[in-house]
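**Q** Requesting a structural model of the entry that follows:
(one chain, ligands or ions: 1)
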Amino acid sequence: MTRRIVVCGGGSAGGVLAARLSEDPANTVTLVEAGPDYRTPEETAPEVLDANQFGFTTHDWGYESADNVAEADSIPMFGIVEQGVVPVLRGKVIGGSSSVNGANALRPTAEDFARWTGLGSDRWSWDEVLPYLKKLEDDPVGGELHGTGGPVHIERFTEGNGLRPVMAAFLEACAQAGHPIHHDMNGADRRGAGPNPFNRKDGIRQSSAIAYLGPARDRENLTVLGGGTVDRVEFTDDGTARAVLLADGTRLEADLVILSAGAIGSPAILMRSGIGPRRLLEELSIPVIQALEGVGRNLRDHPMVYLTYAVDEEAVGELTPPLQTVLAFSSGGADCEGEVDLHALPFTMEPGVMLVPLGLVRPYSLGSVEITSPDPEADPRIRLGLFDHPDDIRRMVAGIRQVRDIMGSAPLEKYVRGETWPGPEATTDADLTRAILQGKNTYCHAVGTCAMGAEGTPTGVVDQSGKVHGVDGLYVVDASIMPDIPAVPTNTTVMMMAERCGDGMREGA
Ligand SMILES: Cc1cc2nc3c(=O)[nH]c(=O)nc-3n(C[C@H](O)[C@H](O)[C@H](O)COP(=O)(O)OP(=O)(O)OC[C@H]3O[C@@H](n4cnc5c(N)ncnc54)[C@H](O)[C@@H]3O)c2cc1C
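**A** Down below sits the predicted model:
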């Protein structure tokens with residue numbers, strides 16, 4: 001007998017799951033994606049295909065956060081669609097956010113998973129996840145920590161291999177400031193600077209659509225439904241998921257339903273299906289299938305600010321690839337001495353301007369997501385909570401000071417003319433705090449809104465395999481189930497989780 005599996009959301013996780021689960025001819029897999037389905041690279045919109053561009057400019061859900069800031073012309077506008085609005089960018093296209101993102105393939109670390117096991121997810125230790133991190137990648141750097149031959153090809157720009165002089169100068173400046181330089185920023189030692197690992201090949205972003213779904217497209221047991229918005233999941237009287245209902249009224253019967261609609265989409269589908277905080281469901285007159293207070297709570301994201309520099313256009317030369325190197329460093333201070341809690345990534349998109357996005361990768365602030373209506377087309381209420389925790393601001397202030405020292409140092413003298421945001425007049429902690437709160441933005445890494453955790457705990461929504469508590473036949477597998485945010489961009493972690501959870505869903509596994 002075939003097992004009918006419906007995967008809701010064709011993003012980083014959904015693409016991996018649909019490809020892996022359709023390897024078994026005993027499964028029939030339907031992948032439902034709200035955005036367009038591009039079946040081949042030739043069909044794909046150029047900004048989605050090209051790893052030097054950002055697909056979010058045309059394939060985005062258009063969400064905004066309640067963290068909005070006052071309008072001000074001086075604020076760096078990268079990723080900002082509207083003055084004063086802090087966007088919650090989310091890819092709406094096959095491949096999801098992996099089709100629109102920066103293709104930065106930094107992997108999570110052993111310390112990240114020590115935090116997960118510490119929170120009770122004891123089956124997510126480093127030893128258990130490493131085989132899946134290796135399985136997904138094709139990293140020519142090799143060695144015992146890396147995989148070769150996996151679906152996701154990894155590239156680095158190095159001296160003699162495309163590293164732009166201005167980026168090489170940034171690494172030299174980091175070295176002079178005392179940061180170790182690593183050829184492999186996914187190696188054993190992750191504190192320091194080096195070339196970013198990217199999931200890209202021949203200039204093409206290796207999204208889940210290209211790397212996983214592409215080779216699986218011809219399978220008869222795999223159907224991809226582009227342009228299909230999932231409304232909710234339907235249950236039998238005994239609480240077993242039996243069908244997925246789309247906004248256009250289509251009903252897809254299922255033996256197994258997997259939500260992979262991401263950190264905003266998956267909690268929204270759960271809530272519309274009657275699984276979520278009881279008070280909210282009752283307010284919206286949604287019949288309660290299973291009260292789970294954690295749905296939509298525990299949102300964690302990496303806050304970011306965009307330090308901005310005027311640079312010598314001629315000296316900088318070529319603007320692309322816009323992003324090649326990263327500095328992973330510690331803000332210092334009692335709490336986090338020695339721990340990487342900040343990333344700085346110099347970035348060139350516009351002549352005469354260099355952005356240095358500075359991301360806080362160990363944030364303490366928490367946000368939330370709630371639906372505002374049972375209507376699947378209505379935007380949810382999202383609160384990223386950026387810099388709500390005072391220590392997040394303290395550490396960002398310390399980070400700005402360290403980046404300023406690097407950007408003002410001799411190796412970058414030839415390039416950098418001066419800081420234009422926050423600007424040289426912002427010198428005191430109070431000035432910098434004000435600038436951070438005015439210019440706050442996000443690294444776009446929201447996770448945690450359907451978190452793994454024991455049943456009955458305040459944030460626990462799914463068990464360690466992704467199964468939703470209190471009902472049968474329903475799983476969530478995507479960024480939303482992370483119990484804590486890793487101190488790296490989140491795409492590779494999501495793909496690894498999909499590989500691992502998919503393995504656990506094999507018949508008889
Ligand atoms: C602009 C941007 C830049 C980023 N840069 C990087 C980076 O360089 N490196 C990195 O590691 N991470 C990066 N990230 C983060 C990373 O891409 C995400 O963490 C990851 O893709 C999340 O995977 P996911 O499967 O949870 O969700 P997604 O990949 O977002 O997939 C969710 C999918 O579900 C679909 N969906 C949602 N709701 C519904 C519904 N109701 N019905 C049907 N379909 C639905 C969406 O359209 C989407 O395709 C970036 C993210 C963004 C947005």
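**Q** can we go C-alpha only for contacts and neighbour counts from here?
**A** Will do.
**Q** Up against the ligand, what does the stretch 251-400 of the chain have?
**A** Neighbours of the ligand within the stretch 251-400 of the chain, by CA under 6 Å from any ligand atom: S260, A261, G262, A263, G265.
**Q** Mind doing that once more with 8 Å?
**A** S260, A261, G262, A263, I264, G265, S266, A268, I269, P376 (CA under 8 Å from any ligand atom).
**Q** which residues does C8 contact?
**A** G14, L31, V32, E33, V230, V257, I258, L259, S260, A261 (CA atoms under 8 Å, 6 or more residues apart in numbering).
**Q** Report all helices and strands that the helix or strand hosting the first one contacts.
**A** Secondary-structure assignment from DSSP states H and E places G14 in helix 12-21. Using 3 or more CA pairs under 8 Å, 6 or more residues apart in numbering; DSSP states H and E as the contact criterion, the neighbours of helix 12-21 among helices and strands are strand 3-8, strand 27-33, helix 208, helix 491-504.
**Q** what's next to that helix, contact-wise?
**A** With CA under 8 Å, 6+ apart as the test, helix 12-21 has contacts from 7-8, 27, 29-31, 94-98, 207-209, 212-213, 216, 222, 259-261, 477-479, 491, 494-495, 497-499, 502-503, 505-506.
**Q** Can you tell me which of those residues are buried?
**A** Neighbour counting by 16 or more other CA atoms under 10 Å classes 7-8, 27, 29-31, 94-98, 207-209, 212-213, 216, 222, 259-261, 477-479, 491, 494-495, 497-499, 502-503, 505 among those as buried.
**Q** so where do the helices sit in the stretch 351-500 of the chain?
**A** Ranges of helices within the stretch 351-500 of the chain are 390-407, 429-439, 491-504, based on DSSP state H, counting those that start in this stretch.
**Q** Relative to D202, which of those helices is closest?
**A** Closest of the helices of the stretch 351-500 of the chain to D202 is helix 491-504, at 19.3 Å (criterion: CA to CA).
**Q** gap between that closest one and the chain center?
**A** Centre-to-centre, helix 491-504 and its host chain are 13 Å apart (CA atoms, centre = their mean, to the nearest Å).
**Q** does that helix come close to the ligand?
**A** Yes: on the criterion CA under 8 Å from any ligand atom, helix 491-504 is in touch with the ligand at N491, T492, T493, V494, M495.
**Q** circling back to that earlier point, a markdown table for the contacts of C8, including pLDDT and distance to V295?
**A** A markdown table is the format used below for these (pLDDT from 0 to 100; distance: CA to CA, whole Å):
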| residue | pLDDT | distance to V295 |
| --- | --- | --- |
| G14 | 99 | 19 |
| L31 | 98 | 23 |
| V32 | 99 | 22 |
| E33 | 98 | 22 |
| V230 | 99 | 17 |
| V257 | 98 | 17 |
| I258 | 99 | 16 |
| L259 | 99 | 13 |
| S260 | 99 | 14 |
| A261 | 99 | 14 |
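**Q** Can you tell me which of those residues lies closest to D138?
**A** Out of the contacts of C8, the member with the shortest distance to D138 (by CA to CA) is G14, at 20.0 Å.
**Q** give me the number of residues near the closest one?
**A** G14: 35 surrounding residues under other CA atoms under 10 Å.
**Q** Next one: it from L136, what distance?
**A** In this structure, G14 lies at 14 Å from L136, with CA to CA, to the nearest Å as the measure.
**Q** cool, A209 as well?
**A** 14 Å.
**Q** cool, and P277?
**A** From P277 over to L136 (counting by CA to CA), the distance is 35 Å.
**Q** before we move on, what about R115?
**A** 23 Å.
**Q** Could you check which of those two is surrounded by more residues?
**A** Between R115 and L136, L136 has the larger neighbour count (other CA under 10 Å), namely 23 against 18.
**Q** So the more buried one sits against P151, correct?
**A** Yes: with contact defined as CA atoms under 8 Å, L136 and P151 form a contacting pair (5.7 Å).
**Q** mind listing the helices in the stretch 51-200 of the chain by residue range?
**A** 110-118, 126-136, 165-176.
**Q** Could you chop this structure up by domain?
**A** Following the assignment in automatic domain parsing, the chain carries domains at 1-40+93-101+112-156+204-299+446-509, 46-88+157-195+301-445.
**Q** Pick the most buried one from those.
**A** domain 1-40+93-101+112-156+204-299+446-509 (a mean of 22; mean count of other CA atoms under 10 Å).
**Q** what's the distance between that domain and the middle of its chain?
**A** Counting by CA atoms, centre = their mean, domain 1-40+93-101+112-156+204-299+446-509 comes out at 13 Å from the chain centroid.
**Q** Is it possible to get a markdown table of the contacts of C8 that adds distance to Q464?
**A** Below are the contacts of C8 laid out as a markdown table (distance: CA to CA, whole Å):
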| residue | distance to Q464 |
| --- | --- |
| G14 | 18 |
| L31 | 23 |
| V32 | 24 |
| E33 | 25 |
| V230 | 24 |
| V257 | 16 |
| I258 | 14 |
| L259 | 15 |
| S260 | 15 |
| A261 | 18 |
